[in-house]
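A.B. asks: Next one to model:
(2 chains)
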Amino acid sequence: MSNAPSSTLRKTPLFDLHEQAGGRIVPFAGWAMPVQYKGIVEEHRAVRSRAGVFDVSHMGRLFVVGPDAASLLRRALTYHVTRIPEGRGHYTLLCNDEGGIIDDPYVYRLDAQRFLFVGNASNADRDTARIREFLQASDDVELLDRQVETVMLAVQGPDAPAHMARMIGAELAALDKRACTELPYLQYKLFVSRTGYTGEDGFEIVTSVEAGRAIWRQLLAAGVEPCGLGARDTLRLEAALALWGHDIDETTNPYEAGLGWVVSFDDGAAFAGREALARIKAAGVGRKLMCLQATGRGVIRDGYPILHNGQQIGGVASGSYSPTLNTSIAMAYLPNPLAVYGTPLEVEVRGKLIPATVVRRPFVPHAGEKAA
Amino acid sequence: MTTPDDRRYSKEHEWLKLDGGGGEATVGITDYAQGQLGDVVYVDLPEPGASVKQFEKMGEIESVKAVSELFSPASGEVIAANQAIIQKPELVNTDPYREAWLIKVKLTSPGEFDALLSAADYDAFVAGLG
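C.D. replies: Sure, this is the predicted structure:
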């Protein structure tokens, strides 16, 4: 149980602050990261009811800058990023030539010629290499990897706007969902977006190491809960947000993953995987990523077999325990005939069969989209 | 949390407390074990009447992050399983030495108690785990 992280793991610039805050450090995607401080459930509940802060400095941060930044990213990404207005961000996909998902980055447009590409920690180098494949000789664009020089924080939860407004700038309370802005903090520059990976209202911040450390300390002093990767995972799973490497990867395509909405053909642009994706879309998919909720005791975890009428029909893509629903929840690819709400299934949990039902996504409504 | 010295401990992080000299004992997990597991969400215990063997698997304990096997610190017949922790598994995190006992056992080999660690020896053992 005590797997001490090896010294070869990378550390974020907040590493000592995590140890100070009682963080339990585990290896994750080549990084030594806090999985929890007080406990996953307590941190999870803090984000759902108040506010929590996550160090997400392990995420890739690639600034794409220049007159051809938009056209380069359009050639690499499935979403028509050229149409993202200045000061907005959008979820998108980076695909291989077969339409498989290399990564699922968030792309922000700071202004006409500057974009911030935020990808998964484990994919940062692969992402940059893939984007470079679409560079043309005439391109006037720079790829600036700022993962080392900057800190990235996610401040999430219903109280996040009040904290951000008081601590950083009153205008942040009025920042639209998925909008982004740059503003000063002390003598530093902050990038702030109204985005996150929890299903709650909240913000993501990219800034210098010094400013990032100062903001972290200030948030904790204000009672914002430090949250680790454990709560990040249970929160995103309740929100039914895909996790690369579990729910999506190079062997899955956007349509079966329910991400067809970020594949844009309407602008006529050529982009990575376009031909394959058009074919897959036209032919239709035979399986879909669906949400499962356990009706019995036990936690459904990644890789566990899923059965229907005694026959194994797939495996769990990602599964965990939902602190909000007090039951286990999971996402899994199901063949079309079973990818229907209400389908009863069973999940094999270490030799025992636990009943589960196909339910609507997300498991827990996103903030601002709560059911009446 | 202080390790109570009114009972003995296994290297699998279970405790065994003799009850009233009648050849019966109570079993639980240690504070170190609950801390390593994190938030406990399910506990699977043997039913009354089942037999357990020292250092052999008797059940499972599941936290948000992981599942661990429970090993009995003594051999005997299960005479009670704590329903309170089946209903409220988080008790294992908050009160591992008292309210969150796991099972009560009628001991078949009371001498096994002596093979377990004292509180001081268990603390030293845990300190050595880093």
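
A.B. asks: CA atoms for contacts and neighbours, from now on please.
C.D. replies: Noted.

A.B. asks: Single out the residue in chain B that lies closest to chain A.
C.D. replies: B:Val64 (5.6 Å; CA to the nearest CA).

A.B. asks: Verify the contact between that residue and B:Val41 for me.
C.D. replies: Yes - here B:Val64 reaches B:Val41: they are 6.5 Å apart, a contact under CA atoms under 8 Å.

A.B. asks: Which residue is the nearest non-sequential neighbour of the spatially most central residue of chain A?
C.D. replies: Centroid-nearest residue in chain A: A:Tyr197, 5.0 Å away (criterion: CA atoms, centre = their mean). Take A:Tyr197 and drop its neighbours on the chain: the residue closest to it by CA to CA, 6 or more residues apart in numbering or on different chains is A:Arg236, 5.6 Å away.

A.B. asks: Next one: A:Leu94 from chain B, what distance?
C.D. replies: Going from A:Leu94 to chain B by CA to the nearest CA, to the nearest Å gives 30 Å.

A.B. asks: So what's the residue count around that residue?
C.D. replies: A:Leu94: 26 surrounding residues under other CA atoms under 10 Å in any protein chain shown.

A.B. asks: Name the residues linked to it by a beta bridge.
C.D. replies: Note on A:Leu94: beta-bridge partners A:Leu77, A:Asp103, judged by DSSP bridges.

A.B. asks: do the same with B:Glu62
C.D. replies: Beta-bridge partners, per DSSP bridges, of B:Glu62: B:Tyr42, B:Val67.

A.B. asks: wait, isn't it in contact with B:Ser68?
C.D. replies: Yes - here B:Glu62 reaches B:Ser68: they are 6.2 Å apart, a contact under CA under 8 Å.

A.B. asks: Overlap of the contact sets of these two?
C.D. replies: Common neighbours of B:Glu62 and B:Ser68, counting by CA atoms under 8 Å, 6 or more residues apart in numbering or on different chains, are B:Leu37.

A.B. asks: the more surrounded of those two?
C.D. replies: B:Glu62 (21 against 14).

A.B. asks: Next up, the contacts around the more buried one.
C.D. replies: Contacts for B:Glu62 (CA under 8 Å, 6+ apart) come out as A:298-299, B:37, B:40-43, B:68.

A.B. asks: what helix or strand is the residue of the stretch 201-350 of chain A found nearest chain B on?
C.D. replies: Proximity of the stretch 201-350 of chain A to chain B (CA to the nearest CA) peaks at A:Tyr321, 5.6 Å away. If you go by DSSP states H and E, A:Tyr321 is part of strand A:311-322.

A.B. asks: So which other helices or strands are in contact with that strand?
C.D. replies: Counting contacts by 3 or more CA pairs under 8 Å, 6 or more residues apart in numbering or on different chains; DSSP states H and E, strand A:311-322 is packed against helix A:229-238, strand A:305-308, strand A:327-335.

A.B. asks: wait, A:Pro365 sits on A:Ala240?
C.D. replies: No - with contact defined as CA under 8 Å, A:Pro365 does not count as touching A:Ala240 (9.4 Å).

A.B. asks: who has more neighbours, the two?
C.D. replies: A:Ala240 (25 against 15).

A.B. asks: And the pLDDT for the residue lying closest to the more buried one once chain neighbours are set aside?
C.D. replies: In this structure, A:Ala240 finds its nearest non-sequential neighbour in A:Pro362, 4.9 Å apart by CA to CA, 6+ apart. The score at A:Pro362 is 97. That number is its pLDDT.

A.B. asks: Contacts only, for A:Pro362.
C.D. replies: Residues in contact with A:Pro362 (CA under 8 Å, 6+ apart) are A:238-240, A:291.

A.B. asks: That one in helix, strand or coil?
C.D. replies: Under DSSP: H, G, I helix; E, B strand; the rest coil, A:Pro362 falls in the coil class.

A.B. asks: same question, A:Met164
C.D. replies: Applying three-state DSSP: A:Met164 is helix.

A.B. asks: Okay, and the beta partners of residue 28?
C.D. replies: In the absence of a named chain, this looks at chain A. A:Trp31.

A.B. asks: hmm, I had chain B in mind actually
C.D. replies: B:Trp15.

A.B. asks: so what's B:Ser10 up against?
C.D. replies: Taking CA under 8 Å, 6+ apart as the test, what B:Ser10 contacts is B:73, B:116-117, B:122.

A.B. asks: In helices, which of those residues appear?
C.D. replies: Within the contacts of B:Ser10, residues falling in helices by DSSP state H are B:Tyr122.

A.B. asks: Filter the contacts of B:Ser10 down to the buried ones.
C.D. replies: B:73, B:116-117, B:122 (16 or more other CA atoms under 10 Å in any protein chain shown).

A.B. asks: on that earlier part again, relative to chain B, how far out is the residue nearest to A:Ala240?
C.D. replies: 19 Å.

A.B. asks: What separation do you get for that residue and A:Leu237?
C.D. replies: 8 Å (CA to CA, to the nearest Å).

A.B. asks: Of all residues in chain B, which one is nearest the centre?
C.D. replies: B:Gly28 (2.4 Å).

A.B. asks: doesn't B:Ala100 make contact with that one?
C.D. replies: Yes - contact status for B:Gly28 versus B:Ala100: in contact at 7.0 Å, counting by CA under 8 Å.

A.B. asks: from the contacts of B:Glu62, which is closest to A:Gln187?
C.D. replies: Minimum distance to A:Gln187 across these is 42.8 Å, recorded for B:Leu37 (CA to CA).

A.B. asks: follow-up on the earlier one: mind listing what the residue nearest to the centre of chain A touches?
C.D. replies: The contact partners of A:Tyr197, taken as CA under 8 Å, 6+ apart, are A:232, A:235-236, A:241.

A.B. asks: Quick check: phi and psi on A:Ala282?
C.D. replies: With angles defined as degrees, to the nearest 10, A:Ala282 sits at phi -70, psi -40.

A.B. asks: before we move on, the earlier item: now the contacts of A:Tyr197 in JSON lines, with neighbour count and pLDDT?
C.D. replies: Output for those, formatted as JSON lines (neighbours: other CA atoms under 10 Å in any protein chain shown; pLDDT from 0 to 100):
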{"residue": "A:Arg232", "neighbour count": "21", "pLDDT": "98"}
{"residue": "A:Leu235", "neighbour count": "27", "pLDDT": "98"}
{"residue": "A:Arg236", "neighbour count": "20", "pLDDT": "98"}
{"residue": "A:Leu241", "neighbour count": "17", "pLDDT": "98"}
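
A.B. asks: any idea which of these is the one closest to A:Pro13?
C.D. replies: Nearest to A:Pro13 among those, counting by CA to CA, is A:Arg232 at 19.2 Å.

A.B. asks: need the contact list for that closest one.
C.D. replies: Contacts for A:Arg232 (CA under 8 Å, 6+ apart) come out as A:44, A:54, A:197-198.

A.B. asks: Show me the two of the residues you listed that sit farthest apart.
C.D. replies: A:His44 and A:Tyr197 (12.3 Å).

A.B. asks: what's the distance between A:Ile25 and A:Met331?
C.D. replies: Distance from A:Ile25 to A:Met331, by CA to CA: 26 Å.

A.B. asks: Please apply the same query to A:Gly273.
C.D. replies: 25 Å.

A.B. asks: quick one: which of those two has more around it?
C.D. replies: Comparing A:Gly273 with A:Met331 by other CA under 10 Å, the one with more neighbours is A:Met331, at 30 against 20.

A.B. asks: For the stretch 1-150 of chain A, give me the ranges with low pLDDT.
C.D. replies: For the stretch 1-150 of chain A, the stretches with pLDDT under 70 are A:1-7.

A.B. asks: Quick one: the buried ones among the contacts of B:Ser10 as JSON lines, columns for distance to B:Pro96 and pLDDT too.
C.D. replies: Converted to JSON lines, these look like this (distance: CA to CA, whole Å; pLDDT from 0 to 100):
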{"residue": "B:Pro73", "distance to B:Pro96": "15", "pLDDT": "97"}
{"residue": "B:Leu116", "distance to B:Pro96": "18", "pLDDT": "97"}
{"residue": "B:Leu117", "distance to B:Pro96": "17", "pLDDT": "97"}
{"residue": "B:Tyr122", "distance to B:Pro96": "15", "pLDDT": "98"}
